[in-house]
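Enquirer: Can you look at this prediction? I've put the sequence above it.
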Amino acid sequence: AVKLDIPTYYKVIKKPMDMSTMWKKLDVGEYPNTTKFFEDFKLMMRNCFVFNLSSTPVNQAGIDLQRLFDEKWKHLPPLRDANRIASMEAQIESMHGNLMALKNKPAKAVHWPKEWYQGANRRFEGDHRTFVNQ
């Protein structure tokens, strides 16, 4: 505001926001989700409309920018939250590790109760504990 020779800006606008600040926040990954980016843009536009009278070219440019942003925003595909994706990836890796451990674990012998395969009307047949009714 001082660079632009607008000394009263900070007296009127208590929470300033501008595109260069938003670019910097994007560059350093300061936006944890799309909602925070959206909120900063809306704050910037509110500041524009509060500070610049409706008859001024800056206010009109703000209206045009707001329309363009809203139109582009509503046509964006749903964006995924990075934390949620990272959490899902960690779960997948964990499941993969568990499956590999189970796969590499030696097979455990199954011990069937005698009453299942011994009896007057059953006999044991073959290597696979197949039971045949007699």
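Expert: Yes, it's here. Please read these numbers as outputs of a predicted model, since none were measured by experiment. Numbers count the residues shown, from 1 in each chain.
Enquirer: Could you use CA atoms for every contact and neighbour count after this?
Expert: Will do.
Enquirer: In the helix or strand containing K36, which residues are buried?
Expert: Assigned by DSSP states H and E, K36 belongs to helix 34-51. Residues of helix 34-51 classed as buried by neighbour count (16 or more other C-alpha atoms under 10 Å): 37, 40-41, 43-49, 51.
Enquirer: Tabulate these (JSON lines), appending distance to W73.
Expert: Shown next, in JSON lines, are those (distance: C-alpha to C-alpha, whole Å):
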{"residue": "F37", "distance to W73": "11"}
{"residue": "D40", "distance to W73": "14"}
{"residue": "F41", "distance to W73": "11"}
{"residue": "L43", "distance to W73": "16"}
{"residue": "M44", "distance to W73": "16"}
{"residue": "M45", "distance to W73": "15"}
{"residue": "R46", "distance to W73": "17"}
{"residue": "N47", "distance to W73": "20"}
{"residue": "C48", "distance to W73": "19"}
{"residue": "F49", "distance to W73": "20"}
{"residue": "F51", "distance to W73": "24"}
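Enquirer: Relative to E89, which of those residues is nearest.
Expert: F37 (24.4 Å; C-alpha to C-alpha).
Enquirer: From E93, how far off is the residue lying closest to the closest one once chain neighbours are set aside?
Expert: Using C-alpha to C-alpha, 6 or more residues apart in numbering and skipping the chain neighbours, the partner closest in space to F37 is Y31 (6.2 Å). Applying C-alpha to C-alpha, to the nearest Å, the value for Y31 to E93 is 26 Å.
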